[in-house]
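S.K.: pasting the structure only:
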C-alpha cells in the first residue's frame, strides 16, 4: 500500500528517527500516514455474535498513525532488548517518537507522535550496496504534532 | 512567559517563541543558519521540548528572525 509521505534518501543523515530520546540516523527510507480517517474510523470489520459466522454489524476501529521506517542496519536486537518487541508480553510503548523529514527544497521538518508501538517487523532487505535494511512498522495512537518546513 | 517558551529560548538558534494554546500552535523565530544541519538539530530539540511539555500542539511554525 502506498504511504502518504515517503523519502527515499539512502545514506542521507538528514532523515532520522528519535525514539524516546535515542536518535537513529542511519535511515534508508521512512514514511507515515494516518489510517482510518473517517468520522468514526474508516477501518471496519465484520462483527458476529455467539458461535456463528453470520455478520450482524460492523466494528469500527480506532484511527491511528502508521509509520514505516527502513533502518539501514539491524535494529531488532535494540528493540527487543528495550522490550519494544516482546515475544512474551505486550510491546512496550514509545512515549515520544519524532521523525525528521526532508523535502525537495532541502528543507526539513519534524513530526512528533506519542504512544507509539512496534506493530510488526516484517521484512528484511539487502539493497544493491549489500546493506542490511530492516523495515519496521510502528503505530501511534495519540496526537500528532507537525513542524513547518524550515 | 510559559515554561515551554523558556525552554525553547534555550535552544541554540531560537530568538523568540510563542505558545498559542487556544489554536494549538507554537511559533518559533530562528536565526537562518548557513549550515542547515544546525537547523535540523534545532528542530529536533524544539520537537523534544514541545513533546516534553505534554500540551496538545498541532503545529510548530517557524519564522526567520529579521536580524540574525
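M.R.: Cool, got the structure. Owing to the predicted nature of the structure, the values given are computational and were not obtained by experimental measurement. Numbering: from 1, shown residues only, chains lettered A, B, ... in the order given.
S.K.: How about residue A:131, nearest residue that isn't a chain neighbour?
M.R.: Spatially, and ignoring its direct neighbours in sequence, residue A:131 is nearest to residue A:72 (5.8 Å; CB to CB, 6 or more residues apart in numbering or on different chains). In this view, the C-beta of every residue, glycine as well, is placed from N, C-alpha and C.
S.K.: do you know how far that neighbour is from chain B?
M.R.: The gap separating residue A:72 from chain B is 18 Å, by CB to the nearest CB, to the nearest Å.
S.K.: How about the backbone phi and psi for that residue?
M.R.: Note on residue A:72: backbone dihedrals following degrees, to the nearest 10 are phi -80, psi 50.
S.K.: Surely it and residue A:26 touch.
M.R.: Yes. At 4.1 Å, residue A:72 and residue A:26 qualify as touching, with contact defined as CB atoms under 8 Å.
S.K.: When those two are compared, which one has more neighbours?
M.R.: residue A:72 (21 against 18; other CB atoms under 10 Å in any protein chain shown).
S.K.: Relative to residue A:113, how far out is that one?
M.R.: Distance from residue A:72 to residue A:113, counting by CB to CB, to the nearest Å: 21 Å.
S.K.: Tell me who's in contact with residue A:89.
M.R.: residue A:83 (CB atoms under 8 Å, 6 or more residues apart in numbering or on different chains).
S.K.: got a pLDDT number for it?
M.R.: Residue A:89 is assigned a predicted lDDT (pLDDT) of 93.
S.K.: Could you check how far it is from chain B?
M.R.: 26 Å.
S.K.: go on, residue A:65?
M.R.: Taking CB to the nearest CB, one finds residue A:65 at 14 Å from chain B.
S.K.: Can you tell me the element that residue falls in?
M.R.: Using DSSP states H and E, residue A:65 maps to strand A:64-71.
S.K.: Could I get the full set of helices for the chain?
M.R.: Defaulting to chain A. Assigned by DSSP state H, chain A shows helices spanning A:76-81.
S.K.: Chain B is the one I meant
M.R.: B:3-9, B:36-53.
S.K.: so which of these comes closest to residue A:55?
M.R.: Taking CB to CB, helix B:36-53 is the member of the helices of chain B nearest to residue A:55, at 41.2 Å.
S.K.: Give me the helices and strands touching that closest one, please.
M.R.: strand A:16-19, strand A:94-102, strand A:108-126, strand A:144-147, helix B:3-9, strand B:25-30, strand B:59-64 (3 or more CB pairs under 8 Å, 6 or more residues apart in numbering or on different chains; DSSP states H and E).
S.K.: can you list those in TSV and add distance to residue A:63?
M.R.: As requested, the helices and strands packed on helix B:36-53 are arranged in TSV below (distance: least, CB to CB, whole Å):
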stretch	distance to residue A:63
strand A:16-19	22
strand A:94-102	17
strand A:108-126	13
strand A:144-147	11
helix B:3-9	27
strand B:25-30	22
strand B:59-64	19
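S.K.: Please name the bridge partners of residue A:59.
M.R.: Beta-bridge pairing of residue A:59 under DSSP bridges involves residue A:45.
S.K.: Compute the number of surrounding residues for it.
M.R.: 11.
S.K.: could you measure it against residue A:90, distance?
M.R.: 21 Å.
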